[in-house]
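Novice: from the sequence below, what's the structure:
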Amino acid sequence: MKKISQILALIILVSCSNNQHQELKSSQIAESVFTNNEIHDLETIMDFFTDQISDSENKNIGDCYQKFFDRMKKNSDFGIFEIGIPFENQIQMYDRIDEITFQNIWTFNKSWKPDLPGTLKSIGIKYNSKYVDFLELFGKESEVVNNYYEDLMSCGDISPTMVADVLINHAQYDIQDERIRLLIAIHYLTLNDQYERKEKY
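Specialist: Below you'll find the predicted structure:
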C-alpha cells in the first residue's frame with residue numbers, strides 16, 4: 001500500500017512538472033502566432049517572472065501569484081508602486097531570449113521623468129506585434145483578455161486603468177491558464193521596466 005502511494009505521488013509530481021508549459025505549447029493560438037523558438041522564449045519570460053515573485057523553491061503557482069497580488073494591493077493602498085523585481089535580473093533575462101522575440105513584444109519610445117534630466121528610453125508593448133496578435137486571438141475566447149486587448153489598442157500601451165484592473169480584478173484572470181500567466185508576466189515586466197529604467201535615449 002505504501003509503495004502504491006509513493007508511485008501515485010511520483011506520477012502526480014511528474015504530471016505537474018510536465019504540465020507547467022503544456023498549455024502554452026499545445027495552445028493552437030500560441031502555435032498559430034509564434035514560432036517554436038519564440039514559444040520557448042515566452043516560457044523563459046514566464047519562468048523568470050514566477051521565480052522572481054516566489055519566495056521559495058517549493059512553490060504552488062496559485063499561492064505564489066495570490067501572495068504577489070496581495071502584496072501589490074497592500075502597497076497600492078499606501079500609494080506605493082513597487083513590483084519588487086531587481087531590474088538587473090530583468091536585463092539578464094532579456095539577454096536569454098532572442099532579440100526577435102523581444103521585438104515581437106516590446107518597443108522603445110522616448111520618455112521624460114521630472115527627477116531626471118534629458119530624454120530617456122522607455123519600453124512599451126509594441127502596437128503592431130505578434131504578442132498583440134496573440135492577445136486579439138486569445139480575446140475571442142476570453143472576455144477579460146478581450147477587454148485588456150481593447151484597452152491596449154485604445155491607449156497604445158498599458159494605461160493606469162489597465163494597471164488597476166489587473167490588480168483589483170486579478171481573480172478574474174485564471175492563472176492556471178498558462179496564456180493568462182504570459183499576459184500577467186509581460187504586463188508586470190513592462191511596468192517594472194518603465195519604472196526602473198533610467199537609460200538615456
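
Novice: okay, the helix or strand containing residue 138 in CSV with CA atoms only?
Specialist: Using DSSP states H and E, residue 138 sits within helix 130-139. What follows is helix 130-139, C-alpha atoms only, in CSV (Å, rounded to 0.1, in the frame of the first residue of the first chain):
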residue,chain,number,x,y,z
LYS,A,130,2.9,39.1,-32.7
TYR,A,131,2.1,39.5,-29.0
VAL,A,132,-0.8,41.9,-29.8
ASP,A,133,-2.0,39.4,-32.4
PHE,A,134,-1.9,36.7,-29.7
LEU,A,135,-4.0,38.9,-27.4
GLU,A,136,-6.5,39.6,-30.1
LEU,A,137,-7.0,35.9,-30.9
PHE,A,138,-7.0,34.9,-27.2
GLY,A,139,-9.6,37.6,-26.5
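
Novice: packing partners of it?
Specialist: In this structure, helix 130-139 makes packing contacts with helix 28-33, helix 143-155, helix 178-196, judged by 3 or more C-beta pairs under 8 Å, 6 or more residues apart in numbering; DSSP states H and E. Placement of C-beta: from N, CA and C, glycine included.

Novice: so who does the nearest residue to residue 129 once chain neighbours are set aside touch?
Specialist: Using C-beta to C-beta, 6 or more residues apart in numbering and skipping the chain neighbours, the partner closest in space to residue 129 is residue 104 (5.2 Å). Neighbouring residues of residue 104 by C-beta atoms under 8 Å, 6 or more residues apart in numbering: 34, 38, 126, 129, 130, 131.

Novice: report pLDDT for residue 104.
Specialist: pLDDT for residue 104: 98.

Novice: would you list the contacts of residue 104 in a markdown table and tack on distance to residue 194, neighbour count and pLDDT?
Specialist: Shown next, in a markdown table, are the contacts of residue 104 (distance: C-beta to C-beta, whole Å; neighbours: other C-beta atoms under 10 Å; pLDDT from 0 to 100):
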| residue | distance to residue 194 | neighbour count | pLDDT |
| --- | --- | --- | --- |
| 34 | 24 | 21 | 97 |
| 38 | 23 | 19 | 97 |
| 126 | 14 | 17 | 97 |
| 129 | 17 | 16 | 97 |
| 130 | 21 | 19 | 98 |
| 131 | 16 | 22 | 98 |
